[in-house]
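In: okay, sequence plus prediction incoming.
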Amino acid sequence: MDQTARVHLTPHRFFTREEWARLRAGTPLTLAEADLERLRSLNDPISLDEVETIYLPLSRLLSLYVAATQRLYEATRTFLGSTEGKTPYIIGIGGSVAVGKSTTARVLRALLTRWPNTPKVDLVTTDGFLYPNAVLERENLMERKGFPESYDLPALLAFLSDIKAGLPKVSAPLYSHLVYDIVPGDRITVDRPDILIVEGLNVLQAPRLPRDGKAVPFVSDFFDFSIYIDADEDEIHRWYVARFERLRATAFRDPQSYFHRYAMISREEALAIAERLWSRINLVNLRENIVPTRPRADLVLTKGASHRIEQVALRRL
Ligand SMILES: Nc1ncnc2c1ncn2[C@@H]1O[C@H](COP(=O)(O)OP(=O)(O)O)[C@@H](O)[C@H]1O
Ligand SMILES: CC(C)(COP(=O)(O)O)[C@@H](O)C(=O)NCCC(=O)O
């Protein structure tokens, strides 16, 4: 097979921004500028135009997919003669550090909540399943935060399995970016939502093959739909450093912040630290463990330099 043919060897169908925008098909805009202000992450310039162009078609697609899947779950219950409660629809959102996963997750949550068949949409981030710093330090993994080995994967899988089984009040630990660690005793509870959004770097990763022959599921085995947010490596690098600079003037000023010392040093010194964190940790993780998961996503949203989504790739079912 020649190289040109290989380039087209993909299960996805591609849309330009304009082509995708047309698929909104009359879906009403249910968010105002003030809502967006609340949902936007630091340094993410998402606009109402982006919501109308990209996120309304996506929320329409997801609403159709969820309705179809709910019918499928109903069929399974009929087959089994089961009286079990509803099965939550789980959406995974993956991509690099600083690519804007949290804004996407929050905007989607707000839009999906407004559809009549999915009034309860919950959101969890996988950072809650990072090992606490004390464990990472002991295992010499502090420079590997966000790498597969820094997560308690069995705990994340057990959490997703309980949610998929329709169990009530399933809880997960919580991570604080401010203190840069798991907060002891703090937990988030997920109680039989219609949709659960799971956002994090590692959501599409394949487990390492176990040596003892035991089968380990993928996190994505629990997903009904997965989204990968993509952008050029150099752009994400710029966004990471710009956000670090913004954080230096905001969150890092809090004496509780793990990075408080970086609010005190010069701008040049702080930027050198951001560059180091990016190149030694996040970039290596992006190349080794995150980009390789991209082809597995059902939907790939590709951002341009201005953070705007310029291309959408949707898996052919
Ligand atoms: N050191 C930090 N202090 C406070 N907030 C942070 C820090 N680093 C990241 N954040 C916030 O945490 C959230 C998740 O960031 P990240 O994991 O880089 O994913 P993404 O940028 O793709 O949403 C963002 O809302 C970001 O603004
Ligand atoms: C906490 C994170 C691993 C992201 O976790 P996620 O919610 O994506 O699982 C990441 O934001 C992080 O802190 N990386 C370590 C290097 C750094 O400080 O940027």
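Out: Right, received. Where do you want to start? Remember, it's a predicted structure, so these values are computed and weren't measured experimentally. Ligands and ions are numbered 1, 2, ... in the order given.
In: all helices for the stretch 1-150 of the chain, in order.
Out: Across the stretch 1-150 of the chain, reading from the start of the chain, the helices by DSSP state H, counting those that start in this stretch fall at 3-7, 17-21, 33-39, 48-50, 56-80, 101-113, 133-138.
In: please name whichever of the ones you listed is nearest to ligand 1.
Out: Closest of those to ligand 1 is helix 101-113, at 3.3 Å (criterion: C-beta to the nearest ligand atom). For the C-beta atoms, the positions are set from N, CA and C on the backbone; glycine is no exception.
In: show me what that closest one is in contact with.
Out: 30-31, 35-36, 39-41, 44, 46, 51, 55-56, 58-59, 62-63, 66, 91, 93-95, 118-123, 125, 195, 197, 199-200, 227, 229, 301 (C-beta atoms under 8 Å, 6 or more residues apart in numbering).
In: spell out which parts of the stretch 101-250 of the chain neighbour ligand 1.
Out: For the stretch 101-250 of the chain, the residues in contact with ligand 1 (C-beta under 6 Å from any ligand atom) are 101-102, 177-178, 247.
In: returning to what we had before: among the contacts of helix 101-113, name the buried ones.
Out: Buried residues within the contacts of helix 101-113, defined by neighbour count using 16 or more other C-beta atoms under 10 Å: 31, 35-36, 39-40, 44, 46, 51, 55-56, 58-59, 62-63, 66, 91, 93-95, 118, 121-123, 125, 195, 197, 199-200, 227, 229, 301.
In: burial count for Asn133?
Out: Neighbourhood size, Asn133 [other C-beta atoms under 10 Å]: 16.
In: report the contact partners of it.
Out: For Asn133, the set of contacting residues under the criterion of C-beta under 8 Å, 6+ apart consists of 142, 180-182.
In: and it, how far from Tyr262?
Out: When distance is defined by C-beta to C-beta, to the nearest Å, Asn133 is 17 Å away from Tyr262.
In: please apply the same query to Gly85.
Out: Separation of Gly85 from Tyr262 (C-beta to C-beta) stands at 47 Å.
In: which one of the two has more residues nearby?
Out: Ranked by neighbour count (other C-beta under 10 Å), Gly85 and Tyr262 place Tyr262 first, with 17 against 12.
In: contacts only, for the more buried one.
Out: For Tyr262, the contact set (C-beta under 8 Å, 6+ apart) comprises 248, 252, 269-270, 273.
In: now the strands for the stretch 51-200 of the chain?
Out: Secondary structure of the stretch 51-200 of the chain (DSSP state E, counting those that start in this stretch): strands at 89-95, 121-125, 170-176, 181-190, 195-199.
In: so for Ser161, which of the ones you listed sits nearest?
Out: Put simply, out of these the one that sits nearest Ser161 is strand 170-176, at 9.3 Å, with distance taken as C-beta to C-beta.
In: now that closest one: buried residues?
Out: When burial is assessed from 16+ other C-beta under 10 Å, strand 170-176 yields the following buried residues: 170, 172-175.
In: list the pairing partners of it within its sheet, with orientation.
Out: Applying DSSP bridges to the sheet, strand 170-176 is found paired with strand 181-190 (antiparallel).
In: give me the low-pLDDT residue ranges for the stretch 101-250 of the chain?
Out: Where the stretch 101-250 of the chain drops to pLDDT under 70, the residues are 209-210.
In: how about the residues of it by ligand 2?
Out: With the criterion set to C-beta under 6 Å from any ligand atom, the stretch 101-250 of the chain comes near ligand 2 through 125-127, 145-146, 200-202.
In: switch the cut-off to 8 Å
Out: Counting by C-beta under 8 Å from any ligand atom, the stretch 101-250 of the chain comes close to ligand 2 at 101, 125-130, 145-146, 150-151, 175, 177, 180, 199-202, 240.
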